[in-house]
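Trainee: Got a sequence here, can you model it:
(one chain, ligands or ions: 1)
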Amino acid sequence: MTSILIVEDERHLAEGLRFNLEAEGYRVRVAQNGETALALLLAQPESFAAVLLDCMLPGKDGFAVASELRAAGKFVPILMLTAMGRPEDVLRGFEAGADDYLPKPFELEILLARLRGLLRRREWLHRERSTEQTSRTSNSKVELEDEEPAKPFAFSGKVFDFEQLELRTASGVVRLTLMEAKLLRYLIRHAERAVSRKAMLEDVWGLHEETDTRAIDNFIVRLRKYIEDEPTKPKHLLTVRGVGYRFSSEAI
Ligand code: CA
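Mentor: Here you go, the predicted structure:
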């Protein structure tokens, strides 16, 4: 059974979510504040398949919870619930390491779809890991979507391992969150072509509403820290003025 952690201090909202997620067949645990959530997630990171994290919590808020988890090397997928009309929350959420977000109030069906999206990406990773020694043919047609396995990608003395969500460089191994990895993979797949911020939001996050595209820029800053020798003078992840970004496997 897939376990979801809901972090929400508004009891009626938390219980409503619990009711609906349990009806969908999930096992649900509710934490009413960030401290409890962190304690649970740091103690048993593998027990939850995903976290629904409200950004507004008493004490430690959702942003702090997300960034502390990521700083501790815990990469459980996070769907952050933000306040409607506060694009700065979206940006802060992504900066803190959230994988996706949903503004409140939301439609239950949209929340379930976003959650399934996160879980599907996670399942794909797990399937890849668990089938390494066994047959790759069974289940191979299940929900591969654009998520088919990919060989590690090498460029400029670095190796990006899509399956392990790792970037191996001369100075060590960098773990990426699901969305960092997904974005990097998307840019690599579109290598040598300019891709717009809007296309990235739609294709990587599945967001079609008017989202502040600065969220993308924050991700790019992070990816540059990982892949560029001098992040302020990028040679691989290039800005294309007026359009977006372009990945080049050859250092420019
Ligand atoms: Ca709240």
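
Trainee: residues in contact with I4?
Mentor: Counting by C-beta atoms under 8 Å, 6 or more residues apart in numbering, I4 makes contact with 21, 26-29, 48-52, 115. C-betas here are computed from N, CA, C, even on glycine.

Trainee: and if we set it to 10 Å?
Mentor: Counting by C-beta atoms under 10 Å, 6 or more residues apart in numbering, I4 touches 17-18, 21-22, 24, 26-30, 48-52, 79, 115, 118-119.

Trainee: okay, now the closest residue in space to it that isn't next to it in sequence: neighbour count?
Mentor: With sequence-adjacent residues excluded and distances taken as C-beta to C-beta, 6 or more residues apart in numbering, I4 is closest to Y26, at 5.0 Å. Neighbourhood size, Y26 [other C-beta atoms under 10 Å]: 19.

Trainee: Where do the helices of the stretch 1-150 of the chain begin and end?
Mentor: In the stretch 1-150 of the chain, the segments counted as helices under DSSP state H, counting those that start in this stretch are 11-23, 34-43, 62-71, 87-96, 108-130.

Trainee: Write out the residues of the chain neighbouring the ion.
Mentor: 9, 54, 56 (C-beta under 5 Å from the ion).

Trainee: Quickly list what P103 is bridged to.
Mentor: T82 (DSSP bridges).

Trainee: Residue numbering should commence at 24 henceforth.
Mentor: All set: I'll call the first residue 24, so the last point we hit is now P126.

Trainee: Verify the contact between it and T105 for me.
Mentor: Yes. Checked against C-beta atoms under 10 Å, the pair P126 and T105 is within contact range at 5.2 Å.

Trainee: which residues do these two both contact?
Mentor: Common neighbours of P126 and T105 (C-beta under 10 Å, 6+ apart) are 112-113.

Trainee: the more surrounded of those two?
Mentor: Between P126 and T105, T105 has the larger neighbour count (other C-beta under 10 Å), namely 25 against 18.

Trainee: ok, now which ones touch the more buried one?
Mentor: So T105 contacts 76-79, 85-86, 111-116, 121, 124-127, 129 (C-beta under 10 Å, 6+ apart).

Trainee: closest one to A238 among the helices of the stretch 24-173 of the chain?
Mentor: helix 110-119 (4.8 Å; C-beta to C-beta).

Trainee: got the buried residues for that closest one?
Mentor: Neighbour-count burial for helix 110-119 flags 112-119 (criterion: 16 or more other C-beta atoms under 10 Å).
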